[in-house]
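# what shape does this take:
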Amino acid sequence: MAIFTRMGAIRNQDPGIPEAQELVEELRGCITERYYTCTREILRCLGQMYAAGDEMTQNIDRAGGPGTAEFAHRAIEIYCAD
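Coordinates of the predicted model:
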């Protein structure tokens, strides 16, 4: 959740800014290190889940503020498009 807290601090900016993209890379690395290899395809699916409006969205928004989950989703989409 610490990564989402940091995303929340920049959630009103463009999700393509370098800082946002670095946070997505950090998130991907954290998932890979702790759980499973997080491919771009898996990361894209996770991003969609983050913004789906359920408990996961609420938890992320609680960590970073309202709109953080949607910001993370958009930042992940940009990251995965490369």
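# from now on I want contacts and neighbour counts done on CA atoms only, so please keep to that.
Will do.
# which parts of stretch 13-24 are buried?
Pro15, Gly16, Ala20, Gln21, Leu23, Val24 (16 or more other CA atoms under 10 Å).
# Throw the residues you listed into JSON lines and include distance to Ala81, pLDDT and secondary structure, thanks.
Output for the buried residues of stretch 13-24, formatted as JSON lines (distance: CA to CA, whole Å; pLDDT from 0 to 100; DSSP: H, G, I helix; E, B strand; the rest coil):
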{"residue": "Pro15", "distance to Ala81": "13", "pLDDT": "98", "secondary structure": "coil"}
{"residue": "Gly16", "distance to Ala81": "11", "pLDDT": "98", "secondary structure": "coil"}
{"residue": "Ala20", "distance to Ala81": "14", "pLDDT": "98", "secondary structure": "helix"}
{"residue": "Gln21", "distance to Ala81": "12", "pLDDT": "98", "secondary structure": "helix"}
{"residue": "Leu23", "distance to Ala81": "16", "pLDDT": "98", "secondary structure": "helix"}
{"residue": "Val24", "distance to Ala81": "13", "pLDDT": "98", "secondary structure": "helix"}
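# make a markdown table from those residues and add distance to Thr37 to it.
Below are the buried residues of stretch 13-24 laid out as a markdown table (distance: CA to CA, whole Å):
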| residue | distance to Thr37 |
| --- | --- |
| Pro15 | 24 |
| Gly16 | 23 |
| Ala20 | 21 |
| Gln21 | 19 |
| Leu23 | 17 |
| Val24 | 15 |
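# what ranges do the strands span in the chain?
Read by DSSP state E, the chain holds no strands at all.
# so where's it shaky on pLDDT?
Across the chain, nothing is flagged by pLDDT under 70.
# center of it - which residue?
Centroid-nearest residue in the chain, with CA atoms, centre = their mean: Ala72, separated by 3.3 Å.
# ok, which stretches of this protein are helices?
2-9, 18-34, 40-50, 55-64, 68-81 (DSSP state H).
# deepest of those, which one?
helix 68-81 (a mean of 22; mean count of other CA atoms under 10 Å).
# what is that one packed up against?
Using 3 or more CA pairs under 8 Å, 6 or more residues apart in numbering; DSSP states H and E, the elements in contact with helix 68-81 are helix 2-9, helix 18-34, helix 40-50, helix 55-64.
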